[in-house]
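1. just a sequence and a predicted model for now, questions to come.
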Amino acid sequence: MKIAIGSDHAGFEYKSRIIEMLSTMGHEVRDFGTHSTEPVDYPVFIAPTAQAVASGECERGIVLGGSGNGEQIVANKIRGIRCALCWSVETARLARQHNDANVISIGGRTVPVELALEIVRTWLDTEFEGGRHVARLNGIAAVENSTGQNLPGAFPVSEKTMLIRPEFLNQRGTLFGGYMLAWADEMAFNIASLTFPKAVFVTRRVEAFDFTAPVLNGDIVRIYSRVERVGSSSCTVAVWCHNARTRATVFSTNAIMVHISPEGGKAPIPKGTT
């Protein structure tokens, strides 16, 4: 998993310990600073960390400070970020199960370092429950959209769960890539159409797939999609897939969806469709 991390001077030492743990676990970490205990203003380092998650550059984010309060506030100013302030294992678990928190904030002066490490592990290992919580997340996105701004990560997430059966496998006994491509295209079309119900979309292109982990017969995968960026006549949809058994990211990609007029030409996406 690609994880963004940032801190101020008060969170610097915890950041170093967390990066060490994440690297040992096999995660790819992007460190946005700060890089010493010299006093700094935390928004300079926290905003880019959250923006990396909102843009899809990183899958999750961790922000750190003295109490974690200011860092959480900054992160949540970035559209599409759901940053939870965590001070216990239980708050970290619920942040994922109920809130699908894609960023967490931890205070280096409020929790011991070993507890901070356990908070991060719990948050990474816990899956979003979905169900009744989806409508609540959509409500959060609706509040963000009500500002009328057009920034990344503003829209709700669509989810599809698949049981991998023998007919989906290639000669090596792993999931055939063609099915992944078809599912990604389907999910991109569905979420674009749900987000902009007055528009008619066609796929212009699906960008390069980042295949991360193999999938075997009997595995359950969850495929997610969300509109990330909107242009005048097209939108970019992020699509990613997780293996429910291994909790690994199976693939991630972006699809460019173009709105087509009744005459068959490219046309501006109708306003007021969200």
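-> It's in.
2. show me where this structure has helices.
-> Using DSSP state H, the helices of the chain run over 12-24, 43-54, 69-76, 89-97, 113-125, 132-145, 177-195.
3. least reliable of those helices going by mean pLDDT?
-> Mean pLDDT per stretch puts helix 132-145 lowest among the helices of the chain, at a mean of 76.
4. quick one, it and helix 89-97 angle?
-> For helix 132-145 against helix 89-97, the angle by axes from the mean of the first three to the mean of the last three Cα atoms, to 10 degrees is 80 degrees.
5. just how off-centre is stretch 246-254 within its chain?
-> Relative to its parent chain, stretch 246-254 has a centroid offset of 11 Å by Cα atoms, centre = their mean, to the nearest Å.
6. how about TSV for the helices of the chain, with mean neighbour count added?
-> (C-beta placed from N, C-alpha, C; glycine too.) What follows is those, written out as TSV (neighbours: other Cβ atoms under 10 Å):
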stretch	mean neighbour count
helix 12-24	17
helix 43-54	23
helix 69-76	22
helix 89-97	18
helix 113-125	18
helix 132-145	13
helix 177-195	19
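7. could I get the ones you listed as CSV with distance to Pro156?
-> CSV is the format used below for these (distance: least, Cβ to Cβ, whole Å):
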stretch, distance to Pro156
helix 12-24, 28
helix 43-54, 14
helix 69-76, 17
helix 89-97, 17
helix 113-125, 21
helix 132-145, 4
helix 177-195, 7
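8. ok, which of the ones you listed comes nearest Ser36?
-> Closest approach to Ser36 among the helices of the chain is made by helix 12-24 (6.5 Å; Cβ to Cβ).
9. send the alpha carbons of the closest one over as CSV?
-> This file holds the C-alpha atoms of helix 12-24, laid out as CSV (Å, rounded to 0.1, in the frame of the first residue of the first chain):
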residue,chain,number,x,y,z
PHE,A,12,8.7,14.1,14.0
GLU,A,13,10.0,11.3,16.3
TYR,A,14,6.8,9.3,16.1
LYS,A,15,6.8,9.8,12.3
SER,A,16,10.3,8.2,12.1
ARG,A,17,9.1,5.2,14.2
ILE,A,18,6.0,4.7,12.1
ILE,A,19,7.9,4.9,8.8
GLU,A,20,10.2,2.3,10.1
MET,A,21,7.3,0.0,11.0
LEU,A,22,5.5,0.6,7.7
SER,A,23,8.6,-0.2,5.7
THR,A,24,9.1,-3.4,7.6
